[in-house]
Structure formats: structure tokens, C-alpha cells
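1. let's see this in three dimensions:
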Amino acid sequence: MVAATCVSAVLFLTAFLVPASGNLHVAFIADSSESVGKLSFDAYNYAIEDLFVQSLPNDAAVAVFSEDHPNPAWKPLDAVVKDGDFQHLTYSGEPRFDPAKSLQNVINETTNLSDVLVFIATNSNLQCPGRSFCRTVAALKERGATVATFRYTFTDTGPLPELNIASEGFALTSEENMYVTFKKMVQRGNWTSSSKSTPVLVDERKRGPSATNANVVRGGDKRCSGDRAKMAIDIYLLLDSSQSIGNTSFQTVKSTASDMFDQLTFGQNGYNSRLAIVNVGDEPLLIHRLDDTTNTDAALRSIEGVPYLDAKSANLHGHCVFLDWELGEESRKSAAQVRETATVATIAFKFYDAGSANLSTLASPCASFTNNEQLPSQFHHLLSSITCFCPSPWHQFKLDACTPTTSCVRPMESFVKYTTAQRYCKNHGGSLVTILSQAKNDFVTGLTDGVSQFYVGLTIDPYHTFLGYTTGRWDSGDNYIDGVSYGNFVAPPTLNSCTVTKKGIWASLTCDDETHPAKYVCEVRGIDADVH
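-> Coordinates of the predicted model:
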């Protein structure tokens, strides 16, 4: 687990009390449609929790409404945070966000309440008249409720949603100043109670559920695992069995293939590789199906047993044979079609004074080889690469075009405090991003919007070392020594600070700055042979 290095020292020491009916009651409704996306839905719920903690009165009551919880209990905000109500919201992925049902539930649950703030967070167009929820919004306002809207912002989804349902002065957008803006909104609200906008004191150690995940990135950018015994790959082996290669050379090709595959573990277990063999002559001949693979020895014997066809030609440029193992059917596809869903590797053999065939147009990037002394290591590197990937929508960092790492990075576009950013990344199996090289800094910079500040995982210690060095630590556990470790600060880092990046330039920021939250970049460990 990644230890939080910048935490709140304020503890909430009073007992939870049921809010009085005269206090401000905040009903939260979140857009969980497909326009938001699962990860962004989770991230914005963390951000709104932060927003409420920083801006709502300390005696406010909150209820989190959703399809799964149409009649939630009203609880003090600190209890909502402690119970993880924001994080327990279910993402629906519906094509369209329609808050009509939740708004009606709010009406039902606020009949006897005088001070009601309905807070709708969305990335969808909500305009009246003309929608089913418009009458419900009007009914809430007629009863004295205040309707606040919070517009999500995403740099890659075009313009902001169009909203016109908020009460006057209660339209909020995700931005750096949103804490201050929302606090002013709450302060000028026409509440009958004596509530003032005083930050709620919350013990950071009790906030929300923590996830334990072995995939937390530690120690910088790891190369993908090369343990072939743990690789699970469906391999379609196509052997040129034409007169252009000859019988003797054909036996050499089979022997080479056996050597390349002998350290893989073949079988039908979910973590085993499987092998299909096609003998290519004038027409392709299926020798061995994926489902026929029982163990490694049997797979290698199948390669050794492939007969030489002495065919006039093997038109590999014209087509590849690709086997659909789910349907158990054989179909012909072009190499380009195959490359859309699989990696196509080619080995052009050269014998004596004969030149090797040019197969590079068939191959996927980084997967065109010849039978030279580097072939074993090159092919091993390829196997490591194709079994190493990041789940969507994470972005994989590569040391070069052909060398991926297990580092999966994603910028989050909600504005939060530093400890909330840490908590979100940790609860999703990772940490705030670690940057140990110029290449990694350039990669992260290319993913961010170039406008906002983004938290990264570096915190600076509150004191110098006895030799006068400024030191710190990345969330992943890597140490930082200013002037020794890689860094890209525009000015020397400030003691006892957190780090933000903007356009690749780093700067120090006071941890948990309540007036200027920032976006952030998470990092998780990708999938490779060691992590299935």
C-alpha cells in the first residue's frame, strides 16, 4: 500500500449527531451516464466529497440519491464521508442522464424541511422547458429549495454541457477556484437556520473505504515480465512449406520454432499458452488447432511432425490464415485485418547465398525478424511486449517504440486536494504518478491539457538533511534528492510541500490548499506475465 505522506493533522473528535430539521440539507444527485465514463464518475465523486467538506456548514446534513438508493438517510457530512457514501455510488452507463426520478425522491424526502440545497453534478445537457424533469425542478424551487448545478469538464469531449436549471447564482463548474466559489454560494444562500459555512473537520484516516491492491506501482517504471512460463498467448504458427525453402531448410525452420517456444507453458488452463499450426503451400493446411494443445511436450512434437509439402508456392503476401478459436472455424483474412486484433510476427529465413524474403509489410510494428543470432532475444522481447498492456482507458508508458513498461498512467480532470488525489489513486489500485526521467515527464505532459496544474506523487520533506540536501519521496516509494534525482522544478522545491506539473514544469504547492485544488495524474501497474 502507498502511505500518505501529506495528511491532515486535524481529527474529528465529537460524536455523530442526527441533524436537526432546521439545518441545511443537501441532496446530491450524480450523472452516471455513458457521457461521463466509469473512472471519471468515480473521480468526480471524490472531488465533490472534497468540495462539500471544504464548503458546507459544519452542521449540514447530506443525502446521496441514486437509482440504487432512492430514499437515503440524512446524515452529518462527516458520517457520509466516513461511510464512503460517495464512493459507493453505482455507475449505470445509461445512454442518457435523466434526473427526474431522483428529483421526485428528493421532493418526497424533504417535505418537512425548510433549508434544502439540491446539488446536481452532470456532464449532460439539462435545459428547460422540454424535459421530463422540468416540472420537478420547478416544484422544488416553488417550495423554497435551491438547485445548484455542477458541470464536469473534460478536455477531449468538446464544449461544456448546456444547463439552465440552477437557481440564480448557483451554477458551478469544475475549476481551480471552485472551493472558494461554492463556499460563497453557500454563504449567500437564503437559509432560515443559523448555519455558517465552516469547514467540516474530518479525520483523513477515516475517509472512505481503502482498497488493498498488489498492483500498486513501486520503484519507478518496470520493464514487462520476461517469464515465458507464465505467459498466456494464443499462437498461430504459419510455416512456409513451398519449394522456395526446400525440405532440409524446412526442417531447420521447424527446429527454430520449437526452440523459440520451448520455454512457454502450453495447455488449456487460463494461464497457459495455446498453439495452432498451419502448413502453408498452394493452399493452407490446418495441422493443429488451439483446442488440441494439451501440454508443452505435445505442442513441440506437433511442430516437429509437420510434413514438408513441396508446394509450388506459399502466397504469404496474398493472405494470412487466422483461426477463430472461439467459433472453431477457419477463415481467411488479410494481414492488415489480422493486425487489428493480433500481433503478426514474421521471420524471414536466409540460407547460404539465397536472399531472405521481405515480409516486413505483413508484420506488426517491432515484429519483423530474420534468422540471425539476435533472433532468440528479439523474439523473447516481443513475447514480453505483447503480453504487457494497460486496460482502457489507461495509457502505457514505453521506454521506446518497442519497449513497453508496466506503468499505466491516466490524468484525472477533477479538481481535488492532494490527499483526496492520493486516496482516489490508492483506492483504484495505484498511486499518484512517479516521474523519474525526462522521457516519463514528456509522456505525462503529453497526456495533460497544458492549461491546468496536475498533482504528481512527489512530496518534499519538512527539513533539510544534515548535508543541506532537499529531499522527498514519491508515492511509489522512490526517494528524491534535489539536484541528484531527476526533477524539472522551475524553482527549488519548497520544504514540506506537494508537487504539481503544468506543461512539464514542476512547482511546489502547499499540501491540501483549500483555495486552489488541482487536477492529478494516477498510475497503476499494467497487466503482464506476472500479473494476470
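
2. hey, let's count contacts and neighbours off CA atoms from now on
-> Fine.

3. buried set for stretch 84-94?
-> Buried positions in stretch 84-94, judged by neighbour count with 16 or more other CA atoms under 10 Å: 84-87, 89-93.

4. where along the protein do the helices fall?
-> 38-55, 77-83, 100-109, 134-142, 178-187, 247-261, 296-304, 335-339, 375-386, 418-427, 438-447 (DSSP state H).

5. quick check: domain ranges of this protein?
-> Split into domains by automatic domain parsing, the chain comes to 25-206, 228-386, 395-525.

6. report the central residue of this protein.
-> Nearest residue to the geometric centre of the chain (CA atoms, centre = their mean): residue 394, 3.9 Å.

7. could I get the buried residues of stretch 84-94 as TSV with pLDDT?
-> Listed next are the buried residues of stretch 84-94 as TSV, based on pLDDT from 0 to 100:
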residue	pLDDT
84	89
85	90
86	89
87	86
89	89
90	89
91	90
92	89
93	88
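
8. now the strands for the stretch 301-450 of the chain?
-> Using DSSP state E, counting those that start in this stretch, the strands of the stretch 301-450 of the chain run over 320-324, 329-333, 346-348, 368-370, 395-400, 403-416, 430-432.

9. which one of those lies closest to residue 100?
-> Of all the strands of the stretch 301-450 of the chain, the one in closest proximity to residue 100, counting by CA to CA, is strand 403-416 (25.3 Å).

10. what is the rounded mean pLDDT of that closest one?
-> Throughout strand 403-416, pLDDT has a mean value of 93.

11. is residue 86 in contact with residue 46, as I believe?
-> Yes. Residue 86 is within contact range of residue 46, at 6.9 Å (criterion: CA atoms under 8 Å).

12. of the strands of the stretch 301-450 of the chain, which is nearest residue 447?
-> That would be strand 403-416 among those, by CA to CA, at 6.8 Å.

13. excluding chain neighbours, what is closest to residue 265?
-> In space, and not counting its chain neighbours, residue 265 is closest to residue 229: 5.0 Å by CA to CA, 6 or more residues apart in numbering.

14. quick one: the strands in the stretch 101-250 of the chain, in order.
-> In the stretch 101-250 of the chain, the strands defined using DSSP E, counting those that start in this stretch lie at 116-122, 146-151, 171-173, 234-240.

15. got TSV for these, with mean pLDDT and mean neighbour count too?
-> Shown next, in TSV, are those (pLDDT from 0 to 100; neighbours: other CA atoms under 10 Å):
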stretch	mean pLDDT	mean neighbour count
strand 116-122	94	24
strand 146-151	93	22
strand 171-173	91	19
strand 234-240	88	20
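
16. which of those sits closest to residue 456?
-> Nearest to residue 456 among the strands of the stretch 101-250 of the chain is strand 171-173 (23.0 Å), distances taken as CA to CA.

17. circling back to that earlier point, include distance to residue 436 when you put the buried residues of stretch 84-94 into a markdown table, please.
-> Listed next are these as a markdown table, based on distance: CA to CA, whole Å:
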| residue | distance to residue 436 |
| --- | --- |
| 84 | 33 |
| 85 | 36 |
| 86 | 34 |
| 87 | 31 |
| 89 | 35 |
| 90 | 36 |
| 91 | 35 |
| 92 | 38 |
| 93 | 36 |
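
18. where does this structure dip in pLDDT?
-> Counting by pLDDT under 70, the chain shows low-confidence ranges at 1-22, 155-158, 190, 192-220, 315-339, 351-358, 466, 532.

19. and stretch 366-378, how far from the chain's centre?
-> How far stretch 366-378 lies from its chain's middle: 33 Å, per CA atoms, centre = their mean, to the nearest Å.

20. return the residues in contact with residue 65.
-> Residue 65 is in contact with 27-30, 71-72, 102, 106, counting by CA atoms under 8 Å, 6 or more residues apart in numbering.

21. between all of those, which two are separated the most?
-> Pairwise distances across the contacts of residue 65 peak at 14.8 Å for 30 and 71 (criterion: CA to CA).

22. of these two, who's got more company?
-> Legend: neighbour count by other CA atoms under 10 Å for residue 30 and residue 71, higher for residue 30 (25 against 16).

23. and the closest residue to the more buried one other than its chain neighbours, what does it touch?
-> When the adjacent residues along the chain are set aside, residue 30 lies closest to residue 121, with 4.9 Å between them (CA to CA, 6+ apart). Contacts for residue 121 (CA under 8 Å, 6+ apart) come out as 28-31, 149-152.

24. cutoff 6 Å now
-> For residue 121, the contacting residues are 30-31, 149-150, by CA atoms under 6 Å, 6 or more residues apart in numbering.

25. residue 430 versus the nearest residue to residue 500 once chain neighbours are set aside, what's the distance?
-> When the adjacent residues along the chain are set aside, residue 500 lies closest to residue 455, with 4.3 Å between them (CA to CA, 6+ apart). The gap separating residue 455 from residue 430 is 14 Å, by CA to CA, to the nearest Å.

26. repeat for residue 371
-> Residue 371 is 41 Å from residue 430, by CA to CA.

27. more neighbours: which of these two?
-> Higher neighbour count among residue 371 and residue 430: residue 430, with 29 against 15, using other CA under 10 Å.

28. look up how far residue 293 lies from the nearest residue to residue 261 once chain neighbours are set aside.
-> Excluding its sequence neighbours, the residue lying closest to residue 261 (CA to CA, 6+ apart) is residue 300, at 7.7 Å. Residue 300 sits at a distance of 10 Å from residue 293 (criterion: CA to CA).

29. any idea how many residues pack against residue 113?
-> 17.

30. picking up where we left off before, I'd like the distance between the residue nearest to residue 265 and residue 128.
-> Computed as CA to CA, the residue 229 to residue 128 distance reads 61 Å.

31. same deal with residue 115?
-> From residue 115 to residue 128 the distance is 24 Å (CA to CA).

32. these two: who's more crowded?
-> Taking neighbours as other CA under 10 Å, residue 115 and residue 128 compare with residue 115 leading, 22 against 15.

33. so what's the closest residue to the more buried one other than its chain neighbours up against?
-> Among residues not flanking residue 115 along the chain, residue 24 sits closest, at 4.9 Å (CA to CA, 6+ apart). Contacts for residue 24 (CA under 6 Å, 6+ apart) come out as 60, 115-116.

34. and the closest residue to residue 45 other than its chain neighbours, backbone torsions?
-> Closest residue to residue 45 apart from its sequence neighbours, by CA to CA, 6+ apart: residue 86 at 5.7 Å. Main-chain torsions, residue 86, degrees, to the nearest 10: phi -70, psi -40.
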